[in-house]
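*Asks:* sequence and predicted structure, then a few things I'm wondering about:
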Amino acid sequence: MDLKPKNAPVLADPSPLNKSRLGMPSSMLPCSQSGAPFSSTMLTAPRKKPGKLDDVRSNGWLDAMQSSSPPRKKIVKDFGVEVASDDSDIVYNSWMLKYPSALNSFDHIINRAKDKEIVIFLDYDGTLSPIVDDPDRAFMSADMHSAVKGVAEYFPTAIISGRSRDKVYELVGLAELYYAGSHGMDIMFPVQETSSLHQNTYIRSTDKQGKEVNLFQPASEFIPMIDEVFKTLVEVTKDIKGAKVENHKFCTSVHYRNVDEKVRAFLSWLTVAQCVHDVLKDYPRLRLTHGRKVLEVRPVIDWDKGRAVEFLLETLGLSNSDDVLPIYIGDDRTDEDAFKVLREGNRGYGILVSSAPKESKAFLSLRDTTEVSEFLKSLVKWKEQQ
Ligand SMILES: O=P(O)(O)OC[C@H]1O[C@H](O[C@H]2O[C@H](CO)[C@@H](O)[C@H](O)[C@H]2O)[C@H](O)[C@@H](O)[C@@H]1O
C-alpha cells in the first residue's frame, strides 16, 4: 500500500504565503484596523462603524462561541429541547440512548477486543484534566496520572492535543506515550517503531531524554506565519480583560473564557471575535476553528486529529483493522475529526466526554474526567486478568 500520498497534507488554499506580512504586521493595529492603538479611550468611544460587528455575527462565529462550552442548561437547549435544569437528567439519559456510557458498554468493548490489539488515543483538556479558567493550571489528578500510566503499560497510547507538543508533554509527563501536539500537526514517535514507508515525510530529532525520535510536522512552513499572527493577536487583544493568546507553534489559540460576555459590547466576546476576524482577513492560508471558549487559528491544510490518528496507526504498524481496535476519547469539537475517521472506517470506538447532550460522531460517552479515569482503569484491570 502506498501510504505517502494519503499522509501528505494537501493545501486546501494554494495561494502563496503572504510574505509581505512578515516583518510589518499592519494588523497589529486595533481590531477595527482604524489606525490607532487599541487604547482604553478607544474602548469607551469605539471608532468602529456599527455595521462592522455584523461580520462576526453573520458568519456564525458568535453563535459558535456562545455554544462552545456552555453551561448545562444552554447545552440542553442546543440539543434541540429547552428544559428547566431539573429536567436535564432526563434529557441526558435519553441522549445516552444514542451515545451509551462506555462504562456500561465495557463488556461489549472487550468482547470486540478479543484477539485484537487495543490502541488508546487521548485528548488532553476536558478529557484527562478538567476544564479550568487558567489554561496553565489544567493539571491531571494523581488518579488520572496513574490511570494513563497504567493503560500505557498494556496498550500503545497516544495523546492528541490542540496544545503544543512540548506543553502537553510537560503536563502529562509520561515518556512512554506517543505525543501529537497542535491538533496533530506535530507528531513525535520512536525511531525503531517506524514503518519505512514514511521515511521521507519526517525528520530525525531527539526527545527530552536524548533518545532518537522521528517528527512528522506537515505544517512546518507555517511556523513564521503562526508566530507573526500570535504576536499580532497578543497586541490587538491586550486591552481586552481576560483574553489570553497561546502560541502552539503550528497553530495559535485565543481564549475568551475569562472575558465578560455581555457587560459592555466592546469589552465582550464580540470584540475578541472581531479582533481575530480582522487579523485573519490578511491571512488567507489560515483558518479558524472553535474549541471550548477558545478560537483556534490554524493553517489551511488537510490535516487534523483524525489524520493524526490514521498516521499514527499506519506508522506504528497498527492499521490492520482486523487486528487492531482503536479507542479515541475526547471532549471537544476538534476531536470530532478523529471520531469521524473511526466511525467512517467502522473501526474501534470514539468516546465523547460530555456531561451534557450534544451531537457527535462518537459512538459512546463518558460523563467527565472521573469516568475517563474509571474507564482506563477498567481496561488495565481486564488486561491484568487475561
Ligand atoms: O485538544 P485539547 O488537548 O483538548 O486542547 C484544546 C485546547 O485546550 C486548552 O483550552 C481548554 O482548556 C483550558 C484549561 O482547562 C480552558 O481554560 C479553555 O477554556 C479550554 O478551551 C488549551 O489552553 C488550548 O490552547 C487548546 O487549544
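*Replies:* Arrived safely. Note that the structure is predicted; figures quoted are calculated from it, not measured.
*Asks:* hmm, the strand or helix carrying Ile327 touching the ligand?
*Replies:* Using DSSP states H and E, Ile327 maps to strand 324-330. No: counting by C-beta under 6 Å from any ligand atom, the ligand has no neighbours in strand 324-330; the shortest distance is 6.9 Å. Yep, even glycine has a C-beta here, placed from its N, CA and C like the rest.
*Asks:* could you give the mean pLDDT of the helix or strand following that strand?
*Replies:* Using DSSP H and E, the next helix or strand after strand 324-330 towards the C-terminus is helix 336-344. Across helix 336-344, pLDDT averages out at 97.
*Asks:* ranges for the strands of the stretch 101-250 of the chain?
*Replies:* Per DSSP state E, counting those that start in this stretch, the stretch 101-250 of the chain carries strands over the ranges 117-122, 157-160, 178-181, 186-190, 203-206, 212-216, 244-247.
*Asks:* from the chain's centre, how far out does the helix or strand just after the last one sit?
*Replies:* When you say that, I think you mean strand 244-247. Heading C-terminal from strand 244-247, the first helix or strand you meet, by DSSP H and E, is strand 252-255. Chain-centre distance of strand 252-255: 11 Å, with C-alpha atoms, centre = their mean, to the nearest Å.
*Asks:* in strand 252-255, what counts as buried?
*Replies:* By neighbour count with 16 or more other C-beta atoms under 10 Å, strand 252-255 contains the buried residues 252-255.
*Asks:* let's have the residues you listed in CSV, adding pLDDT.
*Replies:* Listed next are the buried residues of strand 252-255 as CSV, based on pLDDT from 0 to 100:
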residue, pLDDT
Thr252, 98
Ser253, 98
Val254, 97
His255, 96
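*Asks:* near the ligand, from those?
*Replies:* 253, 255.
*Asks:* what sits up against the strand holding Ile327?
*Replies:* 102, 109, 112-113, 116-123, 126-127, 160, 305, 309, 313, 318, 335, 338-339, 342, 347-353, 362, 366, 372, 375 (C-beta atoms under 8 Å, 6 or more residues apart in numbering).
*Asks:* interface residues of this structure facing the ligand?
*Replies:* So the chain meets the ligand at 123-126, 131-133, 135, 138, 161-163, 246, 253, 255, 257, 291-294, 296, 332, 334 (C-beta under 6 Å from any ligand atom).
*Asks:* drop anything exposed from the contacts of strand 324-330.
*Replies:* Buried, going by 16+ other C-beta under 10 Å: 102, 109, 113, 116, 118-123, 126-127, 160, 305, 309, 313, 318, 335, 338-339, 342, 347-353, 362, 366, 372, 375, out of those.
*Asks:* the helices in this structure, which residues?
*Replies:* 4-7, 40-44, 54-58, 61-66, 72-78, 88-98, 106-113, 142-154, 165-172, 223-237, 269-280, 305-315, 336-344, 369-384 (DSSP state H).
*Asks:* which one of the ones you listed has the lowest average pLDDT?
*Replies:* Of all the helices of the chain, the minimum mean pLDDT falls on helix 40-44 (a mean of 27).
*Asks:* can I get stretch 207-226 in CSV, CA atoms only?
*Replies:* This file holds the C-alpha atoms of stretch 207-226, laid out as CSV (Å, rounded to 0.1, in the frame of the first residue of the first chain):
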residue,chain,number,x,y,z
ASP,A,207,13.5,13.8,22.8
LYS,A,208,13.8,15.2,26.3
GLN,A,209,15.7,12.1,27.4
GLY,A,210,18.1,12.4,24.5
LYS,A,211,16.6,9.4,22.7
GLU,A,212,16.4,9.5,18.9
VAL,A,213,12.9,10.1,17.7
ASN,A,214,11.1,11.0,14.4
LEU,A,215,9.0,14.1,14.0
PHE,A,216,6.2,14.5,11.5
GLN,A,217,5.3,18.2,11.0
PRO,A,218,3.1,18.7,8.0
ALA,A,219,2.7,22.4,8.7
SER,A,220,6.3,23.4,9.3
GLU,A,221,6.3,26.1,6.6
PHE,A,222,3.7,27.9,8.6
ILE,A,223,5.8,28.4,11.8
PRO,A,224,6.9,32.0,10.9
MET,A,225,3.4,32.9,9.9
ILE,A,226,1.9,31.5,13.1
